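Asker: Predicted model and sequence below, questions to follow.
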Amino acid sequence: MLEIEDLNSIKEAVVKLNGLKVVTSNRVGKKYGFRENKGLLSVFTCREMEVIVGNIQEGRDFSLETDIYFFELQAKRTVSLHFHSKKGFLIVHDVTEEKKLNEAKLDFITSVSHELFTPLSASKMNVYLLKDLEKDPEKLQILEKIERSLDRMETVIRQSKFLAMVQLGLYDFKMEQVKVKEILDKVLEDLREKIDSRKINVKLSVSVDMLETDRFVFYTILKNLLSNAVKYSYPESEVEIFVSREKLTVKDQGIGIKEEEKERIFERFYRGSEALKMAPGSGLGLSIVKHLCEMMGYKIEFRSQWLLGSEFIVWFR
């Protein structure tokens, strides 16, 4: 049988409880003040104390993250608490430093994004003004190229910031019943200019009215997959979208992916050799899709044949 002393080498505090009284704890637990026969109320305090005590007394499992003041340490720490009622174990994971590091990373990302957006916005404004004043067609073409490059730069900055926030776990997922058709219509509306310019026929097949998901995540996954499908499809070809309770599928009749490039398509900023020639892009779309799927517990897979097309499938369960 596993003894609590066997857990002295792990970084979490593991505390064996009898009601609200400490029976024993590992070395880390003792450091926080969880000592034999000591009551929890004399070990720490926090805003959720009433909830914690109520759950333990009524034998309910729970997990929560909060700021706790430990009397013996004389310090406040951000911890993740997990209570397993059957065994009477309270697991305390100190995430203070991790939280500080994530906050520092977010501050850095936000600052860099802001510093890049300021001159970018000024540049875009100047291009708009020059376009209004310029009458020479050749010079207007040059200004339009500059404008497109600035737009791509803005997209890269926004996507990089969003991807960083997802990876740091700083995006709060909100699960709700979402109308599938409503999201599809929004994505098609946002990509209408791109779809029409390539004369792509988008074929929809939807077998479910509502999905329990995060609205923004579902929208972002669908938009990125459809945008890629349209971007790398041959003009006047067809893109199929299928949504069921189990999966989302986006299938195109485009250039496909070379066999030697398949293992790298989800890498950040990676774009295949032919993709670079065919259409502009940031190389972040599929990376964002992959990370969102991982955070949501979805599974993403794809099939692709070079010069024949690709099919991306997101399994919801």
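Answerer: Arrived safely, thanks for sending.

Asker: which residues sit in contact with Ile265?
Answerer: Listed by Cβ atoms under 8 Å, 6 or more residues apart in numbering, the contact partners of Ile265 are Ile257, Gly272, Leu286, Phe302. C-beta coordinates here come from the backbone N, C-alpha and C atoms, glycine included.

Asker: Flag the shaky bits of the stretch 101-250 of the chain, pLDDT-wise.
Answerer: Of all residues in the stretch 101-250 of the chain, those with pLDDT under 70 make up the ranges 159, 167, 170.

Asker: the helices in it, which residues?
Answerer: With DSSP state H, counting those that start in this stretch, the ranges of helices along the stretch 101-250 of the chain come out as 137-167, 180-190, 192-197, 215-231.

Asker: from the contacts of Ile265, which ones fall inside helices?
Answerer: By the criterion of DSSP state H, membership of those in helices covers Leu286.

Asker: Just give me the closest of the contacts of Ile265 to Ile142.
Answerer: Proximity of these to Ile142 (Cβ to Cβ) peaks at Gly272, which lies at 28.6 Å.

Asker: Give me the distance between the closest residue to the closest one other than its chain neighbours and Asp67.
Answerer: Nearest in space to Gly272, with sequence neighbours left out and distances taken as Cβ to Cβ, 6 or more residues apart in numbering, is Glu261 at 4.6 Å. In this structure, Glu261 and Asp67 are separated by 47 Å, where distance is defined by Cβ to Cβ, to the nearest Å.

Asker: so how many other residues sit close to the residue nearest to Gly272?
Answerer: Using other Cβ atoms under 10 Å, Glu261 has 17 other residues around it.

Asker: Check what pLDDT it gets.
Answerer: Glu261 carries a pLDDT value of 90.

Asker: cool, and the one 5 residues further on?
Answerer: What the model reports as pLDDT for Phe266 is 91.

Asker: quick one, what contacts it?
Answerer: The neighbourhood of Phe266, defined by Cβ under 8 Å, 6+ apart, consists of Leu286, Ser287, Val289, Lys290.

Asker: let's go with 6 Å and repeat that
Answerer: Taking Cβ atoms under 6 Å, 6 or more residues apart in numbering as the contact definition, Phe266 lies against Leu286, Ser287, Lys290.

Asker: Report the lowest-confidence entry in these.
Answerer: If you rank the contacts of Phe266 by pLDDT, Ser287 sits at the bottom with 87.

Asker: Could you count how many residues lie near the closest residue to it other than its chain neighbours?
Answerer: Using Cβ to Cβ, 6+ apart and skipping residues adjacent in sequence, the residue nearest Ser287 is Arg268, 4.4 Å away. Around Arg268 there are 16 other residues, counting by other Cβ under 10 Å.
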